[in-house]
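Asks: Sequence first, predicted model second:
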Amino acid sequence: MTTFFITGVSSGLGRAFAAGALEAGHRVVGTVRRPEDVETFEALSSDRAHARVLDVTDDDAVVRTVDEVESNVGPIDVVIANAGYGVEGTFEETPLSDLRAQFATNVFGVAATLQAALPHMRRRRAGHLMAVTSMGGLMAVPGMSAYCASKFAVEGLLESLRKEVASFGIAVTAIEPGSFRTDWAGRSMTRAERTIEDYDALFDPIRAARVEASGNQLGNPAKAAEAVLAILGESEPPAHLVLGSDALRLIGAARVAVDEDIRRWESLSRSTDFGDGAQLAAS
């Protein structure tokens with residue numbers, strides 16, 4: 001039986017990951033924000049679903065919770081840092097306070113969760129650290145600058161972390177979902193107030209389409225959970241687990257655009273070198 005620690009299991013993909021793991025016979029410690037959600041989550045399994053109330057932006061509380069789970073429930077085998085939300089709005093219209101709050105949960109909450117679990121896994125020379133980023137961590141769309149920035153940041157964190165802990169037998173996977181049928185674009189979305197008419201033609205249709213699509217997204221959360229469970233125990237699990245055909249399409253197009261930019265401006269890029277400079281070693 002594998003022990004999971006999953007943040008944000010009250011709803012959405014976090015709930016789907018937890019439910020899928022429980023249905024497969026695993027043990028899940030899931031974090032919720034509200035005390036009233038504890039009983040609801042633990043009702044999923046009388047002996048294998050364990051809820052903890054946690055605000056992932058409270059660094060000390062994250063460490064205390066992970067340490068308590070290690071002591072009282074058992075060694076954590078898999079972490080899924082899932083807790084997060086979206087801020088929608090053009091960059092110019094998004095208050096910096098909203099941007100900071102987005103990073104507090106989506107970046108520093110993830111970092112705190114992984115950092116709290118890492119010493120235990122490092123001592124055991126085993127474990128799998130996962131974090132839910134987004135297709136918006138490898139591509140970006142207008143009107144989601146705060147959200148995409150936070151997810152790009154997590155992608156960079158995981159990329160470096162993966163190389164730091166590989167020799168300890170610890171795997172690191174970025175889970176990159178496309179649009180899934182959750183409430184992410186509904187009540188879970190924070191929407192910046194519209195104030196600048198110049199953006200109306202670009203952004204009003206985007207916001208309207210997102211609201212209209214909420215509840216009818218392409219992705220099936222239960223199948224996302226099956227995909228995550230499918231990589232457990234793999235000798236070489238993926239560094240990037242893209243979920244959804246829309247994510248494959250949009251990430252692929254974004255990567256082609258980046259490659260084309262690099263190719264087009266390669267000569268200018270090379271022109272900035274010292275002739276006798278040292279080349280960085282490949283990692």
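Replies: Received, thanks.

Asks: list the helices and strands whichever strand or helix holds Val256 packs on?
Replies: Assigned by DSSP states H and E, Val256 falls within helix 245-264. Applying 3 or more Cβ pairs under 8 Å, 6 or more residues apart in numbering; DSSP states H and E, one finds that helix 245-264 makes contact with strand 170-177. In this view, the C-beta of every residue, glycine as well, is placed from N, C-alpha and C.

Asks: Buried by neighbour count: which residues of the helix holding Val256 qualify?
Replies: 246-247, 250-251, 254 (16 or more other Cβ atoms under 10 Å).

Asks: neighbouring contacts of it?
Replies: Identification of contacts with helix 245-264 by Cβ atoms under 8 Å, 6 or more residues apart in numbering yields 135, 138-140, 176-179, 218-219, 242, 269.

Asks: so how far is that helix from its chain's centroid?
Replies: Centroid separation between helix 245-264 and its chain, computed with Cα atoms, centre = their mean, to the nearest Å, is 20 Å.

Asks: Taking their axis directions, that helix and strand 170-177 sit at what angle?
Replies: With axes from the mean of the first three to the mean of the last three Cα atoms, to 10 degrees defining the directions, helix 245-264 sits at 100 degrees from strand 170-177.

Asks: which intervals of the stretch 101-250 of the chain have sub-threshold pLDDT?
Replies: Applying pLDDT under 70 to the stretch 101-250 of the chain flags residues 184-186.

Asks: could you redo the last one with a cut-off of 80?
Replies: 182-189, 210-217 (pLDDT under 80).

Asks: quick one, strands of it?
Replies: Assignment of strands within the stretch 101-250 of the chain using DSSP state E, counting those that start in this stretch yields the ranges 127-132, 170-177, 189-191, 240-243.

Asks: Nearest the geometric middle of this structure, what residue?
Replies: Taking Cα atoms, centre = their mean, the centroid of the chain lies closest to Val132, which sits 2.1 Å from it.

Asks: check contacts around the nearest residue to Arg124 once chain neighbours are set aside.
Replies: In space, and not counting its chain neighbours, Arg124 is closest to Pro75: 6.5 Å by Cβ to Cβ, 6 or more residues apart in numbering. Counting by Cβ under 8 Å, 6+ apart, Pro75 makes contact with 3, 120, 124.

Asks: what's the neighbour count on the second one?
Replies: The local packing of His120 (other Cβ atoms under 10 Å) involves 17 other residues.

Asks: measure the residue lying closest to it once chain neighbours are set aside to Thr3 for me?
Replies: Nearest non-adjacent residue to His120, counting by Cβ to Cβ, 6+ apart: Glu70, 5.3 Å away. With distances taken as Cβ to Cβ, to the nearest Å, Glu70 is found 9 Å from Thr3.

Asks: any shared contact partners between the two?
Replies: Counting by Cβ under 8 Å, 6+ apart, the residues touching both Glu70 and Thr3 are Ile76.

Asks: Roughly how far does Ile279 sit from Gly156?
Replies: No, residue 279 isn't Ile; it's Gln. 22 Å.

Asks: Would you mind telling me which of these two has the busier surroundings?
Replies: Gly156 (11 against 6).

Asks: List the contacts of that one.
Replies: By Cβ under 8 Å, 6+ apart, Gly156 lies in contact with nothing.

Asks: Report the separation between Val258 and Met139.
Replies: Val258 is 9 Å from Met139, by Cβ to Cβ.

Asks: just to revisit the earlier point, I'd like the distance between the residue nearest to the centre of the chain and Leu54.
Replies: For Val132, the distance to Leu54 - Cβ to Cβ - is 16 Å.

Asks: Repeat that for Ala146.
Replies: 23 Å.

Asks: ok, now Phe168?
Replies: Distance from Phe168 to Leu54, by Cβ to Cβ: 25 Å.

Asks: more neighbours, those two?
Replies: Set Phe168 next to Leu54 and count neighbours by other Cβ under 10 Å: Leu54 wins out with 21 against 15.

Asks: what helix or strand does Val62 sit in?
Replies: Under the criterion of DSSP H and E, Val62 resides in helix 59-72.
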